[in-house]
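[1] got a predicted model here, sequence first, then my questions.
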Amino acid sequence: MTRSTLEATSAFYSSQGGALMQFSRWGLRAAQQWWPALAVRAAARLFGTPLPPRWLTRRRTWAAPWQITRWAFEDASLTLYRHSEPSASATGGPIALLVHGWGGHAGQMVPLAAALQQQGVRTVILEMPAHGRNDGAVSNLPQFARAMDYACARLAQEGTPVETVIAHSLGA
């Protein structure tokens, strides 16, 4: 018998969710009663830390045609990946900013970037704070939005205005 998504989620977060889940719930509940400021910081850290850990994606190397640029951003960093040698069909074409989702990394967008370049679209892949190779320990939706605004503005200032954004999960 298969469970629905709602049933699986409910079971995960219920008391049958395992010892670690029960301990986490108990710890946050106790901290909320005795030291609310600590509970807020602990919850923000717990739920703002992307999983899987970013060190798992740092070891991956990028092929030679990718130009990697890092920008300081807030208390973290952003990394942009651009083809240093765009294909003949992508030269002068529109620019698309590709953004990964929560817990993701820029490498997940490479196959899409390759397909778009074959269609004449120049691509820039943006790796978000606390993800992939970037600095920062925690992130959230407002920071994702600010990062995309910042990247689009800075690219426009460099003379490569973004015409479309293609994003996945929280990046969308």
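    That came through fine. Residues are numbered from 1 along each chain as shown.

[2] looking at the protein, which helix or strand is least sure?
    Within the chain, confidence by mean pLDDT, DSSP states H and E is lowest for helix 55-58 among all helices and strands, at a mean of 58.

[3] phi, psi for Q143 please.
    Backbone torsions of Q143, given as degrees, to the nearest 10, read phi -70, psi -40.

[4] how far off centre is the one helix or strand A156 maps to?
    Assigned by DSSP states H and E, A156 falls within helix 141-157. Relative to the chain's own centre, helix 141-157 is displaced by 13 Å; criterion: Cα atoms, centre = their mean, to the nearest Å.

[5] check which helices and strands that helix sits against.
    If contacts are counted by 3 or more Cβ pairs under 8 Å, 6 or more residues apart in numbering; DSSP states H and E, helix 141-157 sits against strand 66-73, strand 76-83, strand 95-99, strand 122-127, strand 164-167. Every residue, glycine included, has its C-beta placed from N, CA and C.

[6] from the chain's centre, how far out does the fourth one sit?
    Its chain's C-alpha centre lies 13 Å from the corresponding centre of strand 122-127 when counted by Cα atoms, centre = their mean.
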